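A.B. asks: This is a predicted model, with the sequence first.
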Amino acid sequence: MTLPILYSLRNCPYAMRARLAIYKSKLPVELRDIVLKNKPTEMLAASPKATVPVLVLSSNINGCEVIDESLDIMLWVLGKSDPLNLLRAATLSKPISSSDIAPPTKLADILSLIHLFDHEFKTCLEVYKCAKRYHEANLEDCRQVCEVYIQNLELRLSKHAYLLDKNESLADLALLPFIRQFARIERQWYLQSPYPNVKRWLNQYLQSPMFTKVMAKYPLWSPEQTVVKFGDI
């Protein structure tokens with residue numbers, strides 16, 4: 001049986017969350033770790049977008065079926081196998097995409113939170129990262145803009161263990177890599193910040209065996225390499 005192929009970059013937050021969902025789904029894939037300075041021609045042929053993650057589902061004489069948006073990869077794998085009910089849907093009548101107009105109600109709540117962070121928080125986060133990197137005078141202002149979104153999570157996590165309710169959902173996995181980035185920008189400030197529930201939630205993930213496996217370092221892929229199986233491990 002030919003496995004789906006995931007082109008990934010270890011520290012890319014989008015590739016990270018794709019791997020998190022694959023790990024949780026227990027669906028095996030062939031993992032191909034790459035570096036952006038040397039993108040494989042096979043990946044570029046599958047997805048001219050040329051960014052990770054890229055999931056190649058199948059190939060035939062007409063080409064290949066490809067998913068190259070991280071959230072859509074998460075939705076696809078969990079639509080196939082969701083043993084922890086991360087989508088809050090015991091059964092799905094059809095595969096779910098992030099572009100669906102009317103997903104199931106509970107999943108709509110999850111996607112709404114992810115959309116907020118993907119389209120608003122991520123922009124603020126990039127500005128904050130640049131302010132730190134280039135020692136800009138407005139660093140504190142940039143951080144405070146991000147904190148509006150962190151306060152949203154802190155309030156949620158004061159009510160239950162995870163972002164939506166008492167159980168883990170797709171939202172937790174999708175936001176995790178970006179909250180990790182936020183925590184690393186000004187590490188000492190973050191450790192003393194007034195967000196105990198966010199820190200608890202993040203630490204729980206960062207110290208978990210799952211995160212260790214998802215962040216494991218693999219040899220860079222080459223056509224001659226032995227297949228690296230990831231997911232159902």
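C.D. replies: Perfect, I can see it now.

A.B. asks: Name the next helix or strand downstream of whichever strand in the chain runs longest, please.
C.D. replies: For the chain, the strand that runs over the most residues, judged by DSSP state E, is strand 54-60. Tracing the chain past strand 54-60, the next element assigned as helix or strand by DSSP states H and E is strand 63-67.

A.B. asks: tell me the angle that next one makes with strand 54-60.
C.D. replies: 160 degrees (axes from the mean of the first three to the mean of the last three CA atoms, to 10 degrees).

A.B. asks: Tell me which residues are up against the next helix or strand after strand 63-67.
C.D. replies: Downstream of strand 63-67, the next assigned helix or strand under DSSP H and E is helix 70-80. Helix 70-80 is contacted from outside by 6, 14-15, 17-18, 20-22, 24-25, 27, 53, 55, 67, 86-87, 92, 95-98, 114, 118, 170, 173-174, using CB atoms under 8 Å, 6 or more residues apart in numbering. Backbone N, C-alpha and C define where each C-beta goes, glycine included.

A.B. asks: Could you list which of those residues belong to strands?
C.D. replies: Those of those lying in strands (DSSP E): 6, 55, 67.

A.B. asks: Pull the contacting residues for the first one.
C.D. replies: Going by CB under 8 Å, 6+ apart, residue 6 touches 18-19, 22, 29-32, 53-56, 73, 230.

A.B. asks: Of all pairs in these, which one spans the longest distance?
C.D. replies: Maximum pairwise distance among these (CB to CB): 15.1 Å, between 19 and 56.

A.B. asks: check contacts around the closest residue in space to residue 232 that isn't next to it in sequence.
C.D. replies: Closest residue to residue 232 apart from its sequence neighbours, by CB to CB, 6 or more residues apart in numbering: residue 28 at 3.9 Å. By CB under 8 Å, 6+ apart, residue 28 lies in contact with 3, 229-233.

A.B. asks: Just put the residues you listed in a markdown table and tack on distance to residue 77 and pLDDT.
C.D. replies: Listed next are the contacts of residue 28 as a markdown table, based on distance: CB to CB, whole Å; pLDDT from 0 to 100:
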| residue | distance to residue 77 | pLDDT |
| --- | --- | --- |
| 3 | 12 | 92 |
| 229 | 15 | 94 |
| 230 | 11 | 95 |
| 231 | 8 | 87 |
| 232 | 11 | 73 |
| 233 | 14 | 62 |
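
A.B. asks: which of residue 19 and residue 56 has more neighbours?
C.D. replies: residue 19 (27 against 24; other CB atoms under 10 Å).

A.B. asks: For the more buried one, which non-adjacent residue is closest in space?
C.D. replies: Nearest one to residue 19, counting by CB to CB, 6+ apart, is residue 214 at 4.8 Å.
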